[in-house]
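**Student:** no FASTA, just this:
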C-alpha cells in the first residue's frame, strides 16, 4: 500500500483530488521538482484505482536513446532489425489493463511523441516491424521536472500531446514550500531506517528539529 506522508494543507488537498480522479481513464501529467515524489503520486493513483491488481510499469524517457526507447515502449517483431531473434512485447503491452508511468516525458523525441499521441487517441500500438496494430488498455501518467509549457512554446514538445497528457494536471510543491511536512517526514525516516539498520533512535532533539526545519532542502532530499 502506497502512503504519502504529509500534514501540509496544500498536499492534503492534492491527495483528496487524486482520490477523486484515481478511477478515471484520463491521462495525468504530474509536474514537480526532482525529489518531490512524482513517482510516489503515480503509484498512489494506480494503487487507488480499479487497475491496482494489474501491472504498474515505469519507463524513464531520459534513460534510453530514441531507438531503444521506441522498442522498449512499443516492442518489436522477430526479424524487425538485426538482433531481433524473437518477438518482444513493449511496455505498453505489458502494462495493458494497468498503468504506465512515462517519467521525464519532455525528454521524448518528436518521432516518439507522434507515436504516443496515436496510442492515446486510438488505444493501440504498432510494434516495430509489425503488420497490424495491437490494442492496449492503459492509463497513462506522465511526469516532468521541467516547464513543459516552455517546451511547447519552443517547439520541442508537441502542443497536441501536451493537451492530451494534461487532461488532469497535478503540481507537487517543493519541500521548502511545505516546511510543516519536515517533522513528520523526519520521524517517518528515523523509524524506517532504525528498523533497517537495527538501531534504536527515539527522535530528534529540539535543536536538531529546529535546524532541519530552517533548511531549504535543495533537491528535496
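**Tutor:** Structure received. Since the structure is predicted, the reported quantities are computational estimates derived from the model, not experimental observations. Numbers count the residues shown, from 1 in each chain.
**Student:** When you work out contacts or count neighbours from here on, use the C-alpha atoms and nothing else.
**Tutor:** OK.
**Student:** now residue 160: how far from residue 150?
**Tutor:** As judged by C-alpha to C-alpha, to the nearest Å, residue 160 and residue 150 stand 14 Å apart.
**Student:** these two touch, right, residue 42 and residue 139?
**Tutor:** No - using C-alpha atoms under 8 Å, residue 42 makes no contact with residue 139, being 10.6 Å away.
**Student:** neighbour-wise, which of these two wins?
**Tutor:** Legend: neighbour count by other C-alpha atoms under 10 Å for residue 42 and residue 139, higher for residue 42 (27 against 23).
**Student:** give the contact list for the more buried one.
**Tutor:** Residue 42 sits next to 101, 141 when contact means C-alpha atoms under 8 Å, 6 or more residues apart in numbering.
**Student:** ok, now the one 3 residues further on?
**Tutor:** Residue 45 makes contacts with 18-19, 22, as judged by C-alpha under 8 Å, 6+ apart.
**Student:** same check, this time on residue 193
**Tutor:** Contacts of residue 193 by C-alpha under 8 Å, 6+ apart: none found.
**Student:** how near is it to residue 76?
**Tutor:** To residue 76, residue 193 is 42 Å away according to C-alpha to C-alpha.
**Student:** need the longest helix for the protein.
**Tutor:** Ranked by residue count, the top helix of the chain under DSSP state H comes out as helix 182-197.
**Student:** buried stuff in it?
**Tutor:** Neighbour counts using 16 or more other C-alpha atoms under 10 Å place 182-183, 186, 190-191 of helix 182-197 among the buried residues.
**Student:** now do stretch 7-26
**Tutor:** By 16+ other C-alpha under 10 Å, the buried positions in stretch 7-26 come out as 7, 11, 14-15, 18, 21-23, 26.
**Student:** which other helices and strands contact the least confident helix or strand in the chain by mean pLDDT?
**Tutor:** Here the helix or strand of the chain ranked lowest by mean pLDDT, DSSP states H and E is helix 66-74, holding a mean of 91. Helices and strands touching helix 66-74, by 3 or more C-alpha pairs under 8 Å, 6 or more residues apart in numbering; DSSP states H and E, are helix 91-94.
**Student:** just the strands in this structure please.
**Tutor:** In the chain, the segments counted as strands under DSSP state E are 28-31, 56-60, 99-103, 124-125, 134-135, 139-144, 168-171.
**Student:** closest to residue 87 out of these?
**Tutor:** strand 134-135 (13.2 Å; C-alpha to C-alpha).
**Student:** List the contacts of the closest one.
**Tutor:** For strand 134-135, the external contacting residues (C-alpha under 8 Å, 6+ apart) are 123-127.
**Student:** strand partners of that strand, parallel vs antiparallel please.
**Tutor:** Strand 134-135 pairs in its sheet with strand 124-125 (antiparallel), by DSSP bridges.
**Student:** one step back: quick one: the least confident helix or strand of the chain to chain centroid distance?
**Tutor:** The chain centre lies 18 Å from the centre of helix 66-74; the measure is C-alpha atoms, centre = their mean, to the nearest Å.
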